[in-house]
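Novice: turn this into a model:
(2 chains)
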There are 2 protein chains.
Amino acid sequence: MATDLDIARAATLRPIADIAAAAGIPADALIPYGRYKGKLDFGFIDTLQARPDGALVLVVGISPTPAGEGKTTTTIGLGDALRAAGKRTMIALREPSLGPCFGQKGGATGGGHAQVAPMDEINLHFTGDFHAITSANNLLAALLDNHLYWGNALGVDPRKIAVQRAIDMNDRSLRETVLGLGHGANGAAREQRFDITVASEVMAVFCLAKNLDDLQTRLARMVIAERRDGSAITPADINAAGAMTALLRDALQPNLVQTLEGTAALVHGGPFANIAHGCNSVMATSTALKLADYVVTEAGFGADLGGEKFLDIKCRQAGLAPSCAVVVATMRALKMHAGTAKADLGTPNPSAVAEGASNLRRHVAAMRAFGLPVIVAINGFLGDTEAERAALRAALDADDITAVFCTHWADGSAGAADLARAVVAATESKAARFAPLYPDDMPIADKLRTLVRRIYGGDDIELTPKAAKQIARLEARGYGSLPVCMAKTQYSFTADPARRGAPTGFTLPIRELRLSAGAGFVVALAGDILTMPGLPRIPAADSIGVNEAGEIFGIF
Amino acid sequence: MATDLDIARAATLRPIADIAAAAGIPADALIPYGRYKGKLDFGFIDTLQARPDGALVLVVGISPTPAGEGKTTTTIGLGDALRAAGKRTMIALREPSLGPCFGQKGGATGGGHAQVAPMDEINLHFTGDFHAITSANNLLAALLDNHLYWGNALGVDPRKIAVQRAIDMNDRSLRETVLGLGHGANGAAREQRFDITVASEVMAVFCLAKNLDDLQTRLARMVIAERRDGSAITPADINAAGAMTALLRDALQPNLVQTLEGTAALVHGGPFANIAHGCNSVMATSTALKLADYVVTEAGFGADLGGEKFLDIKCRQAGLAPSCAVVVATMRALKMHAGTAKADLGTPNPSAVAEGASNLRRHVAAMRAFGLPVIVAINGFLGDTEAERAALRAALDADDITAVFCTHWADGSAGAADLARAVVAATESKAARFAPLYPDDMPIADKLRTLVRRIYGGDDIELTPKAAKQIARLEARGYGSLPVCMAKTQYSFTADPARRGAPTGFTLPIRELRLSAGAGFVVALAGDILTMPGLPRIPAADSIGVNEAGEIFGIF
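Specialist: Below is the predicted model:
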């Protein structure tokens, strides 16, 4: 069978300037990066600001299983289908991280006949944005340690350093390190964590910044350490924000690429949704809304994680409001939520589909809690049966949920035409009454409790003494009005990745709070969530290479 | 006074496709990165191989002082002047490293009216090559630790891991770390060094690779660890070479930019010359030689470091042979070699110039030891006096050295016209009789001794017991025929950075040998040389920023 990379390579791409022109972007506003990638110039983006916004369509998944649900693939297929239906459409996606690409998850450019291209370039370095973010983060960390080395005039408490180093790699060995060893010339020994770049606050700041000014303002206000008296040390205090902004300047301009069918896609920014806020950049989404009547975007993982954060953090901060939400699932994933083993997914099993639909229903309810019309998109696999489809329809009927069956993986836009029609109908109905889930001024613990009760379907939160103390301190310091960003396993509504389906009667343990003052949210770590993934026994890197024609193979 | 960045920004650059066309590079062979940068396609480079080579001109410095000598500036000025004189010319330079850019040294794109542009983009991320090299190195390191984590089937001795992690940043805190702390899920604790990327073997491999195949072959043969029995573990053993090559594929294509006068320049690769081999990529130099009649390139620091390594490592491996060498100095730097304090450099002092010329004479002798005609280029400063020039001429006469006085910093190509004439004359004389300094089969200790005696002007080497044992082991394992790469302070012919001028009667202490089997050399560490720089009390980053027009300022 043809791999995604084979399909991508067989496609004839159009020069990126042609894609830009069709999207209303003049040649002099496009900064080319290779033949099929480009960045949109800041000056051009400025000229768009008076235009009205198009409709924003949010695509989210269910709780992921090893069966996969094809959320990015569906986002792309839907975008292609809307364009095929005559709508001015842009797609807004996250950039892939190198870590998962060489680890277990593979790339993030869609699949089959619903892909953005050039697939290998986007999955590897793309236009260098993540490298710029890594560099800005690590410059900041080096400048802070350098300040300590030269006498610590600011009185930084070395026990209270919040900024960590970052690397865009899955590297478990760097989760806990001691640096500054050797002797005085290397500084003083202290503990340090390396986070994967997509979990860093600089990434979150980058994705939430409205423009270059806002980027610098947010960088300058990050709280990177404290003094003995508890007062904050910021990048501004060590004159780091300017150099960080210089490193990020070009990166902040959104990246334009195309789908295999030639739909324009902005692929920009990409925090993980389990340990960060999980959506593409405000710069890209806002720009796309000025250029298109329909903008299809995705948030990471399920409605509980990326979806909730997209609405409560990104839309709240940037003043965005989706016209509807699409929740993507596959029959196979639903069966896994009912306990079917991966090896048995090929066997028709309508009752497992009906049972596993409990997970899907809860994700739909989560999106409805924000006032959005919701459409379920079932990403079709060879082997799905009509009996299973009927079982699913029945399971969704009680909640008045419409499911649309799609085949865009195999058929491209034609396979998502029904989904596009449903999205247009939902948008044109103007039924959306979007509002964030909680008000700014709700106490932090209540915000977390609200997420557990209204989104995850649990009973309450359980704060460790440390977490309770941190919440009190954050509120005392004036950060109580920030939204919360839950760092939680993506595999379950609970903190236990093994509990699939739609568990009830659970409490969510919150072990630690971290302030992201630049991004403008408070991260709550639930359970054992890690900010640096490891590599599996046989990493994807094992089979990636370059053939004699100079072509990359093995990326999936 | 206008800064280099001001001058660069005031220049009107030509679209990079025009520069390419003028250099004989068709539009479809140029992969654009922004409007003023591009990469040359592998396929195009393949088509050039049957062409004859142009003349290769090597520019080196003297032992650097805080006064500076302007080696890159002179390389660019000379290139512009050769082109102004009607010669088909290309310049081949190293890419700047982010570390020094934010530290003390500043950028590396020349100065005044002899610069390559766009200055800020080249000095920051450029086309992402160094990020690709950092990623490839760190993927390798992560894959090796991952192999240990999952059971160590290859029997790697965790005490004998040679590969280190890398970061393109000056960060002394990372010189000595312990990673894998925490608990079993993070791996086992072990020591690890972070080298600056430009000191990594992956950088050296990248710069010495003749093509993509050769890159993969070299990566695959790196010795990254040993088993208990002393046998080598390579990237091939852990299936890392393919993924590393995939990460480096696009980066290996040379970068085209222009000087402020519109001369084509390939800026590609950039290992440090004190701790690595110090010259730009073989890919770029070889390609430039196919496209131009004159290729002006530089090697890092003095003739003793980058110059020697250019000839003994790069030219030896790649089969290159320069037509002549240019040694760059300033009156101010010569005065510092005679002991003049920096504050007194503005005072005319012919006798200090004459005395400091001893350093220059030894660098000239070093280049002559390779059979090359040598021209001295004096990079003029406002305030240089005729009396000083006369003193210098007299000091050089005894050795029959021709000095050419240049003003390209202020005047561009016109200021280096005399230097261009001298270079053309030396090239057309066909006087060069290039040969590496020592044969491949000379024992390692004798190679080091040869450098000390014939290049540095000292008496002998002094091996620590550890170094002596390492040499014996390297030779027993079959690496005795590799050239040596001296890691030594750039500030002195000795291992003591304070000993300026032309010291005699010294021995060079060699404390450690490191094998670079992929690059194809043995690194000898002399004295206290570090592979990770620190930041100064007031780093350059302190004053770098972005103004309201979105322009970067403060890079120098």
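
Novice: get me the contact residues on the stretch 401-550 of chain A for chain B.
Specialist: A:534-535, A:537, A:539, A:541-546, A:548, A:550 (C-beta under 8 Å from any C-beta of the partner chain). Placement of C-beta: from N, CA and C, glycine included.

Novice: in TSV: the residues you listed, plus secondary structure, neighbour count and pLDDT.
Specialist: Converted to TSV, those look like this (DSSP: H, G, I helix; E, B strand; the rest coil; neighbours: other C-beta atoms under 10 Å in any protein chain shown; pLDDT from 0 to 100):
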residue	secondary structure	neighbour count	pLDDT
A:534	coil	22	94
A:535	coil	26	95
A:537	coil	11	95
A:539	coil	25	95
A:541	helix	28	94
A:542	helix	18	93
A:543	helix	14	93
A:544	coil	26	94
A:545	strand	19	94
A:546	strand	24	95
A:548	coil	7	90
A:550	coil	18	91
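
Novice: and which of the residues you listed is nearest chain B?
Specialist: residue A:545 (2.8 Å; C-beta to the nearest C-beta).

Novice: which ones are touching the closest one?
Specialist: Shown in contact with residue A:545 (C-beta atoms under 8 Å, 6 or more residues apart in numbering or on different chains): A:552-554, B:241-243, B:245-246.

Novice: quickly note the distance from it to residue B:291.
Specialist: 30 Å (C-beta to C-beta, to the nearest Å).

Novice: ok, residue A:377 next?
Specialist: Separation of residue A:377 from residue B:291 (C-beta to C-beta): 53 Å.

Novice: try residue A:3
Specialist: Per C-beta to C-beta, residue A:3 is found 38 Å from residue B:291.

Novice: who has more neighbours, those two?
Specialist: Between residue A:3 and residue B:291, residue B:291 has the larger neighbour count (other C-beta atoms under 10 Å in any protein chain shown), namely 22 against 15.

Novice: low pLDDT regions in the stretch 1-150 of chain A?
Specialist: A:1, A:106 (pLDDT under 70).

Novice: how about 90 then?
Specialist: The stretch 1-150 of chain A contains residues with pLDDT under 90 at A:1-6, A:8-10, A:66-69, A:104-108.

Novice: show me the longest helix that occurs in chain A.
Specialist: Ranked by residue count under DSSP state H, the longest helix found in chain A is helix A:129-149.

Novice: off-centre distance for the next helix or strand after that helix?
Specialist: Next along the chain after helix A:129-149, taking DSSP states H and E as the criterion, comes strand A:156-161. A distance of 31 Å separates the centroid of the chain from that of strand A:156-161, by C-alpha atoms, centre = their mean, to the nearest Å.

Novice: tell me the strands beside strand A:156-161, with direction?
Specialist: strand A:225-227 (antiparallel) (DSSP bridges).

Novice: mean confidence for the strand it pairs with?
Specialist: Across strand A:225-227, the average pLDDT comes to 97.

Novice: after that strand comes which helix or strand?
Specialist: Counting by DSSP H and E, what follows strand A:225-227 is strand A:232-233.

Novice: that next one: how far from the chain's middle?
Specialist: With C-alpha atoms, centre = their mean, you get 28 Å for strand A:232-233.

Novice: which residues sit against whatever helix or strand comes next after that strand?
Specialist: Following strand A:232-233 in sequence order, the next helix or strand is helix A:241-248 (DSSP H and E). Contact with helix A:241-248 is made by A:132-133, A:135-136, A:139-140, A:143, A:202, A:206, A:212, A:215-216, A:219-220, A:234-235, B:102, B:120, B:124-125, B:541-546, B:552, B:554-555, as judged by C-beta under 8 Å, 6+ apart.

Novice: near the residue of the stretch 151-300 of chain A found nearest chain B, how many other residues are there?
Specialist: Residue nearest to chain B within the stretch 151-300 of chain A: residue A:242 (2.8 Å; C-beta to the nearest C-beta). By other C-beta under 10 Å, the residues close to residue A:242 number 23.

Novice: where do the helices sit along the stretch 1-150 of chain A?
Specialist: Along the stretch 1-150 of chain A, counting by DSSP state H, counting those that start in this stretch, helices occupy A:4-10, A:16-22, A:42-47, A:71-84, A:98-102, A:119-123, A:129-149.

Novice: now do the last one against helix B:129-149, angle only.
Specialist: Between the direction of helix A:129-149 and that of helix B:129-149, the angle (axes from the mean of the first three to the mean of the last three C-alpha atoms, to 10 degrees) works out to 80 degrees.

Novice: do the same with the fourth one
Specialist: Calculated by the same axes, to 10 degrees, helix A:71-84 forms an angle of 140 degrees with helix B:129-149.

Novice: just the C-alphas of helix A:71-84, formatted as CSV.
Specialist: In CSV, the C-alpha atoms belonging to helix A:71-84 read as follows (Å, rounded to 0.1, in the frame of the first residue of the first chain):
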residue,chain,number,x,y,z
LYS,A,71,-8.0,14.6,13.4
THR,A,72,-5.5,16.4,11.3
THR,A,73,-6.5,14.3,8.2
THR,A,74,-10.1,15.3,8.8
THR,A,75,-9.2,19.0,9.2
ILE,A,76,-7.5,18.9,5.9
GLY,A,77,-10.2,16.9,4.2
LEU,A,78,-12.8,19.3,5.4
GLY,A,79,-10.9,22.3,4.3
ASP,A,80,-10.5,20.7,0.8
ALA,A,81,-14.2,19.9,0.7
LEU,A,82,-15.3,23.4,1.7
ARG,A,83,-13.1,24.8,-1.1
ALA,A,84,-14.4,22.2,-3.5
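
Novice: quick check: phi and psi on the spatially closest residue to residue A:118 that is not a sequence neighbour?
Specialist: Of all residues not flanking residue A:118 in the chain, residue A:36 sits nearest, at 5.1 Å (C-beta to C-beta, 6 or more residues apart in numbering or on different chains). For residue A:36, the backbone dihedrals (degrees, to the nearest 10) come out as phi -130, psi 20.

Novice: among the helices of the stretch 1-150 of chain A, which is the most enclosed?
Specialist: Each of the helices of the stretch 1-150 of chain A was scored by mean neighbour count; the highest is helix A:71-84, a mean of 30, by mean count of other C-beta atoms under 10 Å in any protein chain shown.

Novice: show me what from the stretch 151-300 of chain A comes close to chain B.
Specialist: Counting by C-beta under 8 Å from any C-beta, the stretch 151-300 of chain A sits next to chain B at A:165, A:167-182, A:185-187, A:191-192, A:212-213, A:216, A:239-243, A:245-247, A:249-250.

Novice: go through those residues and flag which are in helices.
Specialist: Those of these mapping onto helices are A:212-213, A:216, A:241-243, A:245-247, per DSSP H.

Novice: pull the contacting residues for the residue nearest the centre of chain A.
Specialist: Closest residue to the average C-alpha location of chain A: residue A:278 at 2.6 Å, with C-alpha atoms, centre = their mean. By C-beta under 8 Å, 6+ apart, residue A:278 lies in contact with A:94, A:271-272, A:299-301, A:305-306, A:309-310.

Novice: one more time with 10 Å
Specialist: With contact taken as C-beta atoms under 10 Å, 6 or more residues apart in numbering or on different chains, residue A:278 is in contact with A:60, A:94, A:198, A:204, A:207, A:270-272, A:298-301, A:305-310, A:313-314, A:485, A:490.

Novice: quick revisit: among the contacts of residue A:545, who's most crowded?
Specialist: Comparing the contacts of residue A:545 by number of neighbours (other C-beta under 10 Å), residue B:243 comes first, having 30 neighbours.

Novice: what strand or helix carries the residue of the stretch 351-500 of chain A found nearest chain B?
Specialist: Residue nearest to chain B within the stretch 351-500 of chain A (C-beta to the nearest C-beta): residue A:497, separated by 14.2 Å. Using DSSP H and E, residue A:497 falls within no helix or strand.

Novice: how close does it sit to residue A:534?
Specialist: As judged by C-beta to C-beta, residue A:497 and residue A:534 stand 14 Å apart.
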